[in-house]
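In: please find the sequence and the predicted model below.
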Amino acid sequence: MNYYGGKELAAAFRTVRENTIKIAEDIPENKFDYRPAPDTRTVAELLAHIGASTMFQSIVHGSGITDMMKLNFQELFQKFTAEETRPRSKAELLSYLKNEGDKFASFLEGASDSMLGETVSMRPTPEGQTPTKSRFEMLLSAKEHEMHHRGQLMTYQRLLGITPHLTRVMQQRAAAMQAAAQQQAQS
């Protein structure tokens, strides 16, 4: 059986964060206040949200909480909102994303198999059930959350007339394969 543990979680998260940072680098700072529609985040707000989002995971899993009902969501939400709404320049946001990403990836790298296998009781559902999730599943969700928002950022890029870097890389590979095929056909 192949096992996906802390080191693999960290490596996958680092890849996702690197791609998020590349997107942020591609968007000009004068477009960081761009908001595609009312009631959506600006580029800067979305990047700050991504940067702050791992704080939740670090607090829950770093403290060993096993019952989400014991988590002070009000206090956590205040910390999260303060980080998310702190004014930052593009350079400061890039640094924030890198530093928070490095911290979280280091945390993931140190996660033991036994820690990843622990279960956490979630908040009760409207039906009164109390579901549980493994720490592994919850920590993996940090990457999924960032990829969701990274997809939004790529849409923002398209709306701003910017071709996302992953698309540019794919286009370059396709052009190289086409050129190689044409060269082979001419031989």
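Out: Arrived safely. Remember, predicted model here, so these are calculated numbers, not experimental data.

In: excluding its backbone neighbours, what's nearest Gly117?
Out: Distance criterion Cβ to Cβ, 6 or more residues apart in numbering; nearest residue to Gly117, sequence neighbours excluded, is Ser134 at 6.2 Å. Using the backbone N, CA and C atoms, a C-beta is placed for each residue, glycine as well.

In: ok, what's across the strand from that neighbour?
Out: On the basis of DSSP bridges, Ser134 is bridged to Thr119.

In: from Pro124, how far out is it?
Out: Distance of Ser134 to Pro124, computed by Cβ to Cβ, to the nearest Å: 18 Å.

In: just Glu83 next, same as before
Out: Taking Cβ to Cβ, one finds Glu83 at 28 Å from Pro124.

In: so what's Leu76 up against?
Out: 56, 59 (Cβ atoms under 8 Å, 6 or more residues apart in numbering).

In: buried residues, the strand or helix carrying it. List them.
Out: Take DSSP states H and E as the rule and Leu76 turns out to sit in helix 73-85. Buried positions in helix 73-85, judged by neighbour count with 16 or more other Cβ atoms under 10 Å: 80, 83-84.

In: cool, and stretch 150-164?
Out: Quick answer for stretch 150-164 (16+ other Cβ under 10 Å): 150, 152-154, 156-157, 162, 164.

In: cool, and stretch 5-21?
Out: Those would be 5-6, 9-10, 13-14, 16-17, 19-21, for stretch 5-21 by 16+ other Cβ under 10 Å.

In: same deal with stretch 46-62?
Out: 46-61.

In: against Thr42, how distant is the most centrally placed residue in the chain?
Out: The residue lying closest to the centre of the chain (Cα atoms, centre = their mean) is Glu146, at 2.3 Å. As for Glu146, its distance to Thr42 is 17 Å (criterion: Cβ to Cβ).

In: and for Ser141?
Out: From Ser141 to Thr42 the distance is 24 Å (Cβ to Cβ).

In: what's the pLDDT at Asn2?
Out: Note on Asn2: pLDDT of 55.

In: all the strands of the protein, residue numbers only.
Out: Using DSSP state E, the strands of the chain run over 119-121, 132-134.

In: what's the most buried one of these?
Out: Most buried of the strands of the chain, by mean neighbour count (mean count of other Cβ atoms under 10 Å): strand 119-121, with a mean of 16.

In: quick one: average pLDDT of that strand?
Out: 95.

In: what does stretch 172-185 give?
Out: Rounded mean pLDDT across stretch 172-185 is 91.
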